[in-house]
Structures are given as C-alpha cells and as structure tokens.
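Novice: Take a look and give me a structure for this.
(chains A and B)
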Amino acid sequence: MISTGPFFLDQIFFIVFPYVAVIIFLLVSIRRYRTEAFTFSSLSSQFLENQHHFWGLVPFHFGIITVLAGHLIAFLIPREVLAWNSHPLRLYILEGSAFVAALLTMVGLVSIITRRLTDPKVKKVTSWADWIVFASFVIQILSGLYVAVFHSWGSSWFASLATPYLWSLVTLNPDIKFVTAMPWMVKLHIVSAWLMIAFAPFTRLVHILVVPNPYLWRKPQVVRWYAAWKSLRKV
Amino acid sequence: MNVRSQISMVFHLDKCIGCHTCSIACKNIWTDRKGTEYMWWNNVETKPGTGFPTKWEDQGKYRGGWELKDGKVQLKSTSKAKTITNIFHNPSMPSMDDYYEPWTYKYDELLNAPEGSDQPTARPISMVTGEYINVEAGPNWDDDLGGSPVYAENDPNLQGLTEEQRMQLSAIERLVFFYFPRICNHCLNPSCVAACPSGALYKRGEDGIVLIDQKRCRGWRACVAACPYKKTFYNWSTGKSEKCILCYPRLETGQAPACFHSCVGRIRYLGVLLYDADRIEEVAKLPDDQLIDGHRSIVLNPHDPNVIAAARQNGIHDSVIESAQASPVYKFVKDWKIALPPHIEFRTMPMLYYVPPMSPVMSNRNDDTVSSVSDEFFHDIEQARVPMQFLANLFGAGHQGKVIYALKKQKAVRTYRRAVTVGDITMDVAERMLREADCTVEQAEVIYQLTSLCTFEDRFVIPPMHREEAIEMMRDPAEHKSSVGFGFTESPERGL
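Specialist: Reported below is the predicted structural model:
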C-alpha cells in the first residue's frame, strides 16, 4: 500500500495520518473519560461575560453543526446528493446554504476569538490548548471557504471523489487516487482535518462527545438510591 | 402512599441577628477554592433588600422555577426542545455581574511600601484576573440598608404594597428590616434537577439531599438558570456547577451542618420529615392560594400507624421513623403551623421553612416622646412595622392568612410567657389570646421551650444515615466519592 516514490508524502498525509488520527482520537478519548472524567465539560465562560458570548457562540455552533452535517450527508448518501444536484437550481440552493453556514461559522469564530482577547476575565480562563483549537478552526474554515469559492460545486465532487476516498479508509483498503489529484487547498483542508481529529481528545472539544441527548427522554426528576438500600432493609 | 424521608430545616427569623457566622462557617469549609470565591452556599440577606444575586426573586428577570401552563407544571427557563437550542448560550443565565467579582487585597504593597509621610494602602485586586479593581458589589453589599432607596426599594417583594406601606418601611424614624439567611432548600420538586441536560443533579433517595454529580456535570449551566433561589453556582474555573450539600459528611457522622452548628442566634432546626412522594405533582399544580396547605398535606404524620407501616414497606429504617417522630421541624411545620416555605409560588416545594419574624411596634416620635400606636403591651400583628403584605409575598405566595396565623401564635406565646414570668398581664388575657391564636397552654409551653431554651439535641434531631450498610459494601468508595457533589478522585482542575 505505502511505497516510496512521487506520492510518498501523499501516502503519509492521506493514509497514515487518518488512521493515526482516528486511533489517537479513540484511545485518548476513552482513556480520558475513564481516568479523568472530571475534565469533560463544555468549559463555558458565559458566566464571566454574558453579552458578547451570544454573538460568538450561537452563530459558530449552528454554523459548524450545519457544515459538519453536510460533510456527513455527502459521505453517507453520495448518490442522493448527486441526484439532488443534477438540477442546477437545487445545486445552487445547496451550495448557497452551505456557504452561508460556513460564513456564519467564520463570523462566530472571529467573534469568539475577539472576546477571548478583549475580555480580561475570559482571557484568564483561556488555555494554550484553546488557542491551538482556535487556530486550527481558522485554518479549517478559511480553507473550506476558499475551496467553496474557487473550486466550486464541492457538494458534487465531494460526493464523487472524497466519499470514495473516505470509504476506502473505512473499509481498510485505502485508495488515494481520488485525492492526490486535488488542488493543494483541498489537500490542506483534508490534512488539517486529520490533525484536528488527532488533537481533539486533548482539548475542550471533548464536550462534543458528551452532548446530553438522554435529556430528551428522561423523566424530569432524578432520584438516586444507594443500590442495596431497599433489599438490605428487607433482610 | 409512597413514603420517603427528607432532612428538613426550619429557620426561626425572629432569632436571627444577621451576624453571618453561618456564611463564614460554610465558606471556610466548602467554597474557599479557586472558582468558588464568589459562591455563598449559605448567605444572609437584609429584607427589604435586593439579595444575592441581585434581585434573585425577580423571576421576570431570571426565569427560575416552575410555572403553571395549560394545567401542567413547566420549567420557566427551559424545556426539552429549548435545552437543545439554548445549549450554546443560555438566555436565562446570570453572569458574575449579577453576583459580584471576588477580590482580595495586594498586601505586599503594605509590606513593601517605601518609607514616606503617607499611610500605605493595600489596593483591591480581582480574584479572577489578578488586576486592580474598583469594588462595586459584594456578597452582602446591602447589609442593614433596610431603608435604602438604592437597594431596599428594589426588593421584588414590595410588589402589591401601597405607597403608605412602602413609606412605613423606610421612614427614617421607623426604619425596619430583618434578616433572611438562605441555603439550598433541598426541594421536593427541584427545578435544578429537572433542568440538567446531563442528568448530573439528583436527589438522594434516603434523605432528599440534592447534589450535583461532579463527574457527570458538563457545565451546560441549565441548573443555575432554573433554580429560582439561585442556589446552584457555576464554578468558572473547573467548568462545573456546585451547590450546598447540606454538609452530608457531617450529617452522616451525626453532626449538624456547619451553618447550623455555628448559628449564634440558635435560629436553626433540623430533623426528618416523612412525605408522600406520589403526591408531589398533584400539589405542585395547585393554585397559589392552596399551595401552602397542599405542601403541608404532603408531609405525613410519623405517629400514624398507617404511615409507619408504609414507611417500613419502603425500606425506611425504624431509627429514621423514630427520628421523624422527634423532629422539631415536624412540630413547627405541621403541629404548630408557624413555619412557612419561602416563595412557595415557585413550585419547587422547598423543604426549608421559615418562622416569619415579629417586628417592632409601630410608633411615632413627637419631640422627645415616643408614642406607640398600640395600647397593648405587645402590639397588634397587623400594625407591625413590616407590612403583612411584604411577609405574605415572601412566605405566603402573596396571601396573608398563613403569615398572620403564624405571627399571632408567636405573639400569643409571648403574651402567655409574660403572664407567667412577669405577671403584668393577667392569665385570663393570655389564655384568651392563646385561644384566638389556635394554641393551647401546653403547646405554648413547648413552643417557648423549643424557641428559647433549646439545646443542640432539641434543635438538631439527626437520623442515623446507615451509610455503613449501604455504600462501602456495594461500590468502590473512591469511585463513589467522585459522584456525590463534593470530593474528587482526581484534582478538581480545569480541563484543556
């Protein structure tokens, strides 16, 4: 699979990186959850600054969730995406809304970074890992926006080129011929994504892993009994 | 009937001298860590006053507690759908500005000041940023400012008072205030628990103490917004919320919680109440004027054989039932009905009750003579300087009846004791007053004993918690420790 030659670096970036990243992500996340569960938190700073917070956090999160969902959909159902895009108007709608979501993410991120720099209290609770996270988001979103503008109709070529590449990784039969020919900005976007996945479990990004979905179906009140209390009593 | 036991509390406001010893005892034990400096799990407020955080009782601003909507009790601050959309920015979340920015002083400026003709000063620095700050608010910032137009006048409980009644509260010669110590109410229908997206908050089944699992908490902040008493606090350093744990490590070893133990005025009582958990929802749905009666009716008589049988059925130990029978809280709440829950209209069904305070006789000063409006030795309750409506807003969901009842009984007991010890009031008058206040001579004696001569053992009837049987046999103690509101298996530091 990996051979020296003109595509050696591509092999490192698109075969070694993804596997290493996913393994690091899984191992570190599990280890952190098992031994340092206390550190799993959104680390919210809303309590320290409550106004500017809204204008950063809300557009950023809604934007990034939409963008990620778009990537996921093109990965899971590429045929349907291509069929949708076969009609130009529908293609424009999809591309347009994806672009707006990406812009929203960028606006939110700029606002978040400004807040982190200007509010003295918030600045105090910003760690070096946060700055790496912010920097990698800036690279990721800017490269994504660049690709969207200059290598247009990504929703279509993602479905026909990136999806096969990703599936080849999933099926442990990596095939990088789809990505080696891509423009360097697309490659940067992919490589930095793998790096982010590898670094995520060390950072505040672990809060994504603990989204509180059980709230939707649990009863309002929670009572905890010590397991054996009742059965012991009856003895 | 689903009998459960609950450690409940009574604060006798007539005895509170506002010394803040309780607050300091609590602070020294639990909240002197980074990120918790601003928290006061126990605090003492001056009423009328704005409290901590500022105007916490104004649910138009903070949106805490429950509300009746279409015949259902619903959280004011959130719902299942809103929890998802508001998770990135909680619109009902108070910020540090609503509390205060904690500070210390730069003491080395005193020690290292160059020799000079002026007195060196230690300037205040923020405990968050370490920078110099101008201190503009503090935990009991409006302490004793009962007549202040800046603080007292903004008390949300002044709603519904006439202009004359407001004047009566703040006229300089007749200025009046009382103290209102607060801890977590360990409610039966806690809105903080119901709002937590992670399910980290829970009520202990055996004693009803409400805790935040520090391991499960993800810092979504919904509990802070949902608690109408603002008694869950966000630790800005660790990114976890924390709250009063009712000193359960002390309770489990038979000691009163620190704020209770240290209370100088001996205003605090603690004991077990048995209640019917099946009726919580039904009672929480009652209209405002029936809430106090409903809340009382949920508390069961621990001497009733049916209740005892049902309690045993539910696994409640005989020693706990005996403790409930001796509970001073039961006497105040059910037998005498002189202790009332605070702001029952928030519908969380608080299990901390207050005996409303008597206030000084209303009098006027003309030149050098003080003339009282009442001819009686103890004035009429309705003529107290704190208007009944104000107390009713605090302790009666706006309805005066229960508050007047509690105060009349207190006044009758005073009159009776005056007749016994001093004798300038005849026993006939005293007994008539007791009858009018729905109180017998025997009851008056016990109220007097438990109010004035109470010992530690009278005030704190702590049930055996039987933890020795329950925890250590079944669970890894260290693992257990990290999920019980306080106590950590790893250092409680902020993650990256």
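Novice: what about whichever strand or helix holds A:Ala69 and chain B, touching?
Specialist: Assigned by DSSP states H and E, A:Ala69 falls within helix A:52-76. Yes: with C-beta under 8 Å from any C-beta of the partner chain as the criterion, chain B is reached by helix A:52-76 at A:His53, A:Phe54, A:Leu57, A:Val58, A:Phe60, A:His61, A:Phe62. Any C-beta I mention is one placed from the backbone N, CA and C, and that applies to glycine too.
Novice: quick one: contacts of that helix?
Specialist: Applying C-beta atoms under 8 Å, 6 or more residues apart in numbering or on different chains, the contact partners of helix A:52-76 are A:45-46, A:81, A:97-98, A:101-109, A:111-112, A:114-115, A:119, A:144, A:155, A:158-159, A:162-163, A:166-167, B:88-89, B:91.
Novice: what do you get if the cut-off is 6 Å, keeping everything else the same?
Specialist: A:46, A:81, A:98, A:101-102, A:104-105, A:107-109, A:111-112, A:115, A:158-159, A:163, A:166, B:88-89 (C-beta atoms under 6 Å, 6 or more residues apart in numbering or on different chains).
Novice: pLDDT on it, on average?
Specialist: On average, the pLDDT along helix A:52-76 is 96.
Novice: which is the next helix or strand following that helix?
Specialist: Criterion used, DSSP H and E; the element after helix A:52-76 is helix A:78-85.
Novice: Only C-alpha atoms, please: export that next one in PDB.
Specialist: Coordinates of each C-alpha in helix A:78-85 appear next as PDB, following Å, rounded to 0.1, in the frame of the first residue of the first chain:
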ATOM      1  CA  PRO A  78     -23.400  10.400  -2.100                       C
ATOM      2  CA  ARG A  79     -25.800   9.100  -4.800                       C
ATOM      3  CA  GLU A  80     -28.800  11.000  -3.400                       C
ATOM      4  CA  VAL A  81     -26.700  14.200  -3.100                       C
ATOM      5  CA  LEU A  82     -25.600  13.800  -6.800                       C
ATOM      6  CA  ALA A  83     -29.200  13.200  -7.800                       C
ATOM      7  CA  TRP A  84     -30.300  16.300  -5.900                       C
ATOM      8  CA  ASN A  85     -27.500  18.300  -7.600                       C
END
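Novice: In contact with the residue in chain A positioned nearest to chain B, which residues?
Specialist: Going by C-beta to the nearest C-beta, chain B is nearest to A:Thr39 of chain A, at 2.9 Å. A:Thr39 makes contact with B:Gly495 under the criterion C-beta under 6 Å, 6+ apart.
Novice: thinking again about what came up before, buried residues, the helix holding A:Ala69. List them.
Specialist: A:52-53, A:55-64, A:66-67, A:70-71, A:73-75 (16 or more other C-beta atoms under 10 Å in any protein chain shown).
Novice: For A:Ala228, give me the pLDDT.
Specialist: 50.
Novice: Which single helix of chain A contains the most residues?
Specialist: Identified as the longest helix of chain A according to DSSP state H is helix A:88-118.
Novice: close to chain B, is that helix?
Specialist: No: Helix A:88-118 does not reach chain B (C-beta under 6 Å from any C-beta of the partner chain); its nearest approach is 9.4 Å.
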